[in-house]
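A.B. asks: Turn this into a model:
(2 chains)
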Amino acid sequence: GQSLEQPSEVTAVEGAIVQINCTYQTSGFYGLSWYQQHDGGAPTFLSYNGLDGLEETGRFSSFLSRSDSYGYLLLQELQMKDSASYFCAVDTGRRALTFGSGTRLQVQP
Amino acid sequence: EAGVAQSPRYKIIEKRQSVAFWCNPISGHATLYWYQQILGQGPKLLIQFQNNGVVDDSQLPKDRFSAERLKGVDSTLKIQPAKLEDSAVYLCASSQGQVYNEQFFGPGTRLTVL
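C.D. replies: Numbering: from 1, shown residues only, chains lettered A, B, ... in the order given. Next comes the predicted model:
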């Protein structure tokens, strides 16, 4: 079967750095994506890692280790608007995504 | 560029009734997905279309759910008859099918089954 593990909740203060981890066990693996979803909103794409290493996009970075079946999303210079749920998702082939259960990030002033 | 459109945004029905959702993907996106998102969980893929053909419907409860994408553009998802556990947000997404799979999601339809 497929399983993705990520923490259910994380709390941090404005300006801080937070790391959201994701470990996965899937029958196929082509890449790891991260999506952000505000309450009542649609998921929006943040990043994709197809190969090992770090990808950086502005304040957000994402890391993948295929040998460890592990990745993380790093959010720097946290802002109040970053309060949302963050989902890791594995592309198991045919470009369909299997999503984790999400990490709810609360940014406090 | 217009985003993924979905309607209706909200729907309340009684159990055993039927309901249909509509999705219009981003123009030119060949791949269309329907996901079910239960409160507090991640989206779960129900069905994936490539143009008007089904790529993956392994998680679609086919005894009550059906979906079609007749002309390879817009799509409808139907539930007949609905059960209480079908209460969820139904998300439609589309992608161009690039090397990396950035999916663009619509606003979703929130279904409540009473």
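A.B. asks: And whichever strand or helix holds residue A:35, what's buried?
C.D. replies: In this assignment (DSSP states H and E), residue A:35 forms part of strand A:31-37. For strand A:31-37, burial by neighbour count (16 or more other CB atoms under 10 Å in any protein chain shown) applies to A:31, A:32, A:33, A:34, A:35, A:36, A:37. For glycine as for every other residue, the C-beta is placed from the backbone atoms N, C-alpha and C.
A.B. asks: Quick one: mean pLDDT for that strand?
C.D. replies: For strand A:31-37, the mean pLDDT works out to 96.
A.B. asks: In the helix or strand following that strand, which residues are buried?
C.D. replies: Following strand A:31-37 in sequence order, the next helix or strand is strand A:44-49 (DSSP H and E). Across strand A:44-49, burial judged by 16+ other CB under 10 Å covers A:45, A:46, A:47, A:48, A:49.
A.B. asks: In TSV, list these along with distance to chain B.
C.D. replies: Shown next, in TSV, are the buried residues of strand A:44-49 (distance: CB to the nearest CB, whole Å):
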residue	distance to chain B
A:45	5
A:46	10
A:47	9
A:48	4
A:49	9
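A.B. asks: Show me which pair in those residues is furthest apart.
C.D. replies: A:45 and A:49 (12.6 Å; CB to CB).
A.B. asks: who touches both of these two?
C.D. replies: Taking CB atoms under 8 Å, 6 or more residues apart in numbering or on different chains as the contact rule, residue A:45 and residue A:49 both touch residue A:33.
A.B. asks: The strand holding residue A:35 near chain B at all?
C.D. replies: Yes: for strand A:31-37 and chain B, the contact criterion (CB under 8 Å from any CB of the partner chain) is met by A:31, A:33.
A.B. asks: Just the endpoints, please. Distance across stretch B:75-91?
C.D. replies: 12 Å (CA to CA, to the nearest Å).
A.B. asks: and if you look at stretch B:6-24?
C.D. replies: Between the opening and closing residues of stretch B:6-24 lies a distance of 6 Å (CA to CA).
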